[in-house]
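Colleague: I need the structure of the sequence given here:
(one chain, ligands or ions: 1)
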Amino acid sequence: MNSNPTHQDTPADPATGWWTRATIYQVYPRSFADSDGDGIGDLPGITARLDHLVELGVDALWLSPFYPSPQADAGYDVADYRDVDPLFGTLADADRLIAAAHSRGLRVIVDLVPNHTSSAHRWFAAALAAAPGSPERDRYVFRDGAGPDGAQPPNDWTSVFGGPAWTRVTEADGRPGQWYLHLFDTGQPDLNWDNPEVREEFLGVLRFWLDRGVDGFRVDVAHGLIKQADLADWQEPQEILSGPEIDKPRPPMWDQEGVHEIYRDWRRVLDGYPGERILVAEAWVEPAERLARYVRPDEMHQAFNFEYLLAAWTAPAQYAVITRSLEATDVVGAPTTWVLSNHDVVRHASRLGLPIGGKRPNGIGIGDPQPDAALGLRRARAATLLMLALPGSAYLYQGEELGLPEHTTMPDEARQDPTWARSGNTERGRDGCRVPIPWEADAPSYGFGPTDASWLPQPPLWAEYALDRQRDAPGSTYELYRTALRLRREHRLGEGPLEWLASGDEVLSFRNGALTVLTNFGDAAVPVPTGAELVHASAPLDADGAVGTDVTVWVRPA
Ligand code: NOJ
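Modeller: Down below sits the predicted model:
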């Protein structure tokens with residue numbers, strides 16, 4: 001069963017481990033490839049398309065959740081951590097996918113959702129059936145309500161998706177009873193990580209998937225597991241991002257000291273397995289120094305760099321976030337990571353087509369200001385080429401290699417993200433970046449599956465983004481990524497070091513190994529360094545051979 005490809009008996013080496021320089025491709029199973037035509041992607045669909053990842057040239061894939069789930073939050077509400085939802089296939093399909101990936105030299109990271117279970121988890125059913133104060137309730141965060149008859153929530157916390165973070169239950173005798181905490185949807189009750197049974201259970205879940213051969217875990221809401229013991233009021237609208245200042249009081253639900261002990265326990269489990277298994281934190285924690293605490297030598301291996309994802313497209317902002325990120329992870333001896341898109345944010349080909357410095361929307365719909373698609377794609381290509389030249393590990397989100405934009409005109413009736421309803425229809429949410437991706441221009445559902453079915457509507461005009469239109473097409477975004485990933489490997493760009501050559505208001509330039517990288521953010525074209533040979537570019541050079549606005553080039557200096 002364990003088909004891990006490395007055949008090494010040693011645990012992960014922080015200096016040379018594969019993940020320190022890897023490119024890791026996020027597969028969102030619902031929307032990658034549908035083998036049975038029901039309109040929802042599945043594990044056999046992914047297995048059948050693995051050669052795409054090999055041709056693209058990535059090192060690993062990360063799979064968003066495929067476990068049994070009522071799908072209240074697209075699978076981030078897990079009812080059984082040791083099985084596969086029939087929507088996506090079977091456990092045998094998961095084994096086949098892992099083996100097929102390993103036989104192609106691709107590593108596999110799975111998603112672990114420890115902050116909350118689904119309300120359909122057997123533990124939550126037991127908690128509802130049991131009395132207040134029972135051991136079953138103690139696996140979750142149940143509290144009596146405030147006010148004379150307990151009719152008010154225990155504190156003022158709000159859900160990340162909008163509305164209160166507490167829901168009141170009906171007790172066995174039919175009377176209104178206690179309240180349970182859910183930082184996300186009502187269908188996602190938060191676990192009580194002070195309960196030893198919860199800790200033991202997740203050690204077992206880790207071993208279950210490690211024994212099946214997975215190479216690591218992406219840890220959902222890694223900064224949320226421990227809450228301040230007094231559950232003090234917070235008086236602020238809920239943000240998944242915690243405070244930006246290192247000396248600001250921590251919100252009582254995020255980034256509490258106690259989470260680190262959990263990851264030390266997990267690290268010991270991973271280190272007991274051969275083949276360099278890794279933990280990746282999804283922790284919306286700022287600033288970079290605070291995030292770096294999750295990747296200390298005895299904790300996780302990587303953390304997503306959301307500060308980078310959120311940084312404005314200006315030379316000073318990009319310079320600041322890159323230097324800060326490298327410095328912060330250097331202190332703890334961990335690799336830096338880079339990411340521009342995922343299943344929770346507006347795709348960067350659209351995000352970068354919005355005015356710089358404007359509000360970062362949580363979804364875009366009909367009636368909202370629309371991004372400038374051409375500008376967005378031009379900047380996205382430049383941003384990607386800049387990112388892929390940085391030392392460290394880079395995360396790619398399915399479809400970005402096609403230059404895929406956000407679906408920004410999806411009919412609201414089609415939306416499925418709980419954010420839309422829970423925010424009282426004020427935040428459109430994340431459906432626009434989760435639309436099934438196009439493989440073949442002229443096939444039903446653009447080749448996503450054998451039928452026209454697609455769980456979210458695909459926009460008209462997506463044929464031009466289909467993989468078969470872009471493969472071998474000079475200048476296509478797919479070929480831009482493929483060449484970049486090949487050169488990144490050949491020139492060992494993931495290993496660095498990075499040496500800055502220019503960091504002004506308009507141009508950023510640095511050397512990484514044998515290559516010089518230059519991004520022009522300014523209005524005026526800038527010359528390619530004298531005598532340098534052009535190796536790769538996010539857009540053609542100007543007629544007189546200069547680097548235009550919003551273009552990144554990789555050159556070999558004279
Ligand atoms: C982060 C995941 O990326 C997101 O999709 C999910 O809604 C929340 N965590 C809650 O699990």
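Colleague: Distance of the residue in the chain that the ligand sits nearest to relative to residue 65?
Modeller: Closest contact between the chain and the ligand, by C-beta to the nearest ligand atom, is at residue 76 (3.4 Å). For the C-beta atoms, the positions are set from N, CA and C on the backbone; glycine is no exception. Plainly put, residue 76 is 6 Å away from residue 65 if you go by C-beta to C-beta, to the nearest Å.
Colleague: list the residues that contact both of the two?
Modeller: Both residue 76 and residue 65 are contacted by 111, 113, under the criterion C-beta atoms under 8 Å, 6 or more residues apart in numbering.
Colleague: these two touch, right, residue 319 and residue 503?
Modeller: Yes. With contacts counted by C-beta atoms under 8 Å, residue 319 reaches residue 503, the gap being 4.5 Å.
Colleague: Neighbour count for those two, which is higher?
Modeller: Between residue 319 and residue 503, residue 319 has the larger neighbour count (other C-beta atoms under 10 Å), namely 20 against 16.
Colleague: State the phi and psi torsions of the more buried one.
Modeller: For residue 319, the backbone dihedrals are phi -60, psi -40 (criterion: degrees, to the nearest 10).
Colleague: Spatially nearest residue to the residue most central in space within the chain (excluding sequence neighbours)?
Modeller: Computing the C-alpha centroid of the chain and ranking residues by C-alpha atoms, centre = their mean puts residue 342 first, at 4.6 Å. Nearest non-adjacent residue to residue 342, counting by C-beta to C-beta, 6 or more residues apart in numbering: residue 397, 5.0 Å away.
Colleague: so how many other residues sit close to that neighbour?
Modeller: Counted with other C-beta under 10 Å, residues neighbouring residue 397 total 22.
Colleague: Tell me the helices and strands packed up against whatever helix or strand residue 482 lives in.
Modeller: Here residue 482 sits within helix 477-490, counting by DSSP states H and E. In terms of contacts (3 or more C-beta pairs under 8 Å, 6 or more residues apart in numbering; DSSP states H and E), helix 477-490 is packed against helix 50-56, helix 373-387, helix 467-470, strand 533-537.
Colleague: Show residues contacting it.
Modeller: Defining contact as C-beta under 8 Å, 6+ apart, one finds that helix 477-490 is touched by 23, 55-58, 377, 381, 384-385, 388-389, 396, 400-403, 467, 470-473, 493-494, 515, 535-536, 538, 554.
Colleague: redo that, cut-off 6 Å
Modeller: Around helix 477-490, the neighbours that count as contacts under C-beta atoms under 6 Å, 6 or more residues apart in numbering are 56-57, 381, 385, 388, 401-403, 470, 536.
Colleague: Restricting to those, which residues neighbour the ligand?
Modeller: Among the contacts of helix 477-490, proximity to the ligand is found for none (C-beta under 6 Å from any ligand atom).
Colleague: Quick check on residue 277: phi, psi?
Modeller: phi -80, psi 150.
Colleague: OK, contacts around it?
Modeller: 215-216, 270.
Colleague: which residue packs closest to it, ignoring adjacent ones?
Modeller: Ranked by C-beta to C-beta, 6+ apart and with sequence neighbours excluded, the top spatial neighbour of residue 277 is residue 270, at 4.5 Å.
Colleague: coming back round to it: now, of the helices and strands packed on helix 477-490, which is deepest in the fold?
Modeller: Highest mean neighbour count among the helices and strands packed on helix 477-490 (mean count of other C-beta atoms under 10 Å): helix 373-387, with a mean of 22.
Colleague: how many degrees apart are it and helix 477-490 in direction?
Modeller: Following axes from the mean of the first three to the mean of the last three C-alpha atoms, to 10 degrees, one obtains 10 degrees for the angle between helix 373-387 and helix 477-490.
Colleague: Only alpha carbons, please: show helix 373-387 as PDB.
Modeller: Taking C-alpha atoms only, helix 373-387 is exported to PDB below (Å, rounded to 0.1, in the frame of the first residue of the first chain):
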ATOM      1  CA  ALA A 373      -9.200  41.000 -18.200                       C
ATOM      2  CA  ALA A 374      -6.300  41.900 -20.500                       C
ATOM      3  CA  LEU A 375      -4.500  43.900 -17.900                       C
ATOM      4  CA  GLY A 376      -5.200  41.200 -15.300                       C
ATOM      5  CA  LEU A 377      -3.700  38.400 -17.500                       C
ATOM      6  CA  ARG A 378      -0.700  40.500 -18.400                       C
ATOM      7  CA  ARG A 379       0.100  41.200 -14.800                       C
ATOM      8  CA  ALA A 380      -0.700  37.700 -13.800                       C
ATOM      9  CA  ARG A 381       1.800  36.300 -16.200                       C
ATOM     10  CA  ALA A 382       4.400  38.800 -15.000                       C
ATOM     11  CA  ALA A 383       3.600  38.000 -11.300                       C
ATOM     12  CA  THR A 384       3.900  34.200 -12.000                       C
ATOM     13  CA  LEU A 385       7.300  34.600 -13.700                       C
ATOM     14  CA  LEU A 386       8.500  36.700 -10.800                       C
ATOM     15  CA  MET A 387       7.200  34.100  -8.300                       C
END
